[in-house]
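Undergrad: Here's my sequence, what's the structure:
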Amino acid sequence: MAVSLGKETGASRKANGASRKANGASRKANGASRKANGASRGETGTSPTRRKRRTPEELRDRILGAAAHEFEGNGYAGATTAAIARRAEVTEAQIFRFFPSKAELFREAIFQPLNRHFAEFQDRNAATENAVPRRELAERYINELQEFMERHSRMLMSLIVARAYDQGGSESLPEIEGLKAYFDQGARTMADRTQGVAKVPPELMVRVSFAAVLASVMFRDWLFPAGMGDAAAIRQAIVDFTIDGINANQGNES
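TA: Next up, the predicted model:
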């Protein structure tokens, strides 16, 4: 009986030893698996990665794009640098590193593109000024001006709102050089045709004509309720009114 117990106890110790070895091997296998999983996570990129640093040019472009959106949607007074920073995904400090003031940011985001558009419009029409009859040229010119204003209505509205809020303080808004060149060229053309006999000075007449077209385009829904005329009729009425008014001021009807 004692011999039998001894044999059983020895066998039990051997079994326990084998079990401990098996458990050790299992722990090693689990450790290897965890390492493999860690390596796999690193390879598949699930761990956080640092965002690529933006260049100054990229930051400036993002800020200008966000500023244009905010100014066009909310006007000069309604747009805030905080909202612009959020849209551009930058800080306000970064905005002011590129643009010292809100007025400067507005000038770059709205005035500069509008200035460029006016300059291109003026150059394109000046190139064909003597190539077609005067009335036909004037009609085409005013129709293109209406189309130009419609395409850039949000920028122009931002300008109107900005001017309304501008009190001539330290952040006074600058003049659009392209628009000034447009007025100067128009006044010279009118002066050449009137030879000093115009009822209204050319430099005033060209601005009044522009204002009439601008208001008719920008406030069309207010000025021309439904049923008064379709879009084509309204556009032609603006053309005829502008040309006939200019001709009357020049003392001719052609």
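
Undergrad: hey, let's count contacts and neighbours off CA atoms from now on
TA: Will do.

Undergrad: can you give me the helices for the stretch 1-150 of the chain?
TA: 2-44, 56-78, 81-88, 92-98, 102-106, 112-126, 134-151 (DSSP state H, counting those that start in this stretch).

Undergrad: Give me the helices and strands touching the second one, please.
TA: Packing partners of helix 56-78 (3 or more Cα pairs under 8 Å, 6 or more residues apart in numbering; DSSP states H and E): helix 81-88, helix 102-106, helix 153-165.

Undergrad: swap in the fifth one?
TA: Contacting helix 102-106 under the criterion 3+ Cα pairs under 8 Å, 6+ apart are the following elements: helix 56-78.

Undergrad: any idea of the angle the helix it packs on forms with helix 81-88?
TA: Helix 56-78 runs at 140 degrees relative to helix 81-88, counting by axes from the mean of the first three to the mean of the last three Cα atoms, to 10 degrees.

Undergrad: what mean pLDDT does helix 56-78 have?
TA: Mean pLDDT, helix 56-78: 89.

Undergrad: Please apply the same query to stretch 231-239.
TA: In the prediction, stretch 231-239 has an average pLDDT of 91.

Undergrad: again with stretch 84-98
TA: 95.

Undergrad: Show me which positions of that stretch end up buried.
TA: Ile84, Ala85, Arg87, Ala88, Glu92, Ile95 (16 or more other Cα atoms under 10 Å).

Undergrad: What lies in contact with that stretch?
TA: Leu59, Arg60, Arg62, Ile63, Gly65, Ala66, Ala67, Glu70, Thr81, Ala82 (Cα atoms under 8 Å, 6 or more residues apart in numbering).

Undergrad: about what we covered before: which one of the helices and strands packed on helix 56-78 has the most crowded surroundings?
TA: helix 102-106 (a mean of 20; mean count of other Cα atoms under 10 Å).

Undergrad: so what's the residue nearest to Gln122 when sequence neighbours are not counted up against?
TA: Leaving aside its sequence neighbours, Gln122 sits nearest to Tyr182 (Cα to Cα, 6 or more residues apart in numbering; 6.2 Å). Going by Cα under 8 Å, 6+ apart, Tyr182 touches Phe118, Ala119, Gln122.

Undergrad: Pipe these into CSV and attach pLDDT, distance to Lys52 and neighbour count per row.
TA: Shown next, in CSV, are the contacts of Tyr182 (pLDDT from 0 to 100; distance: Cα to Cα, whole Å; neighbours: other Cα atoms under 10 Å):
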residue, pLDDT, distance to Lys52, neighbour count
Phe118, 77, 37, 22
Ala119, 78, 38, 18
Gln122, 73, 42, 20
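
Undergrad: Can you tell me which of these lies closest to Arg154?
TA: Nearest to Arg154 among these is Phe118, at 14.7 Å by Cα to Cα.

Undergrad: residues in contact with the spatially closest residue to the closest one that is not a sequence neighbour?
TA: Spatial nearest neighbour of Phe118, chain neighbours left out: Gly178 (5.1 Å); criterion: Cα to Cα, 6+ apart. The contact partners of Gly178, taken as Cα under 8 Å, 6+ apart, are Leu114, Asn115, Arg116, His117, Phe118, Ala119.
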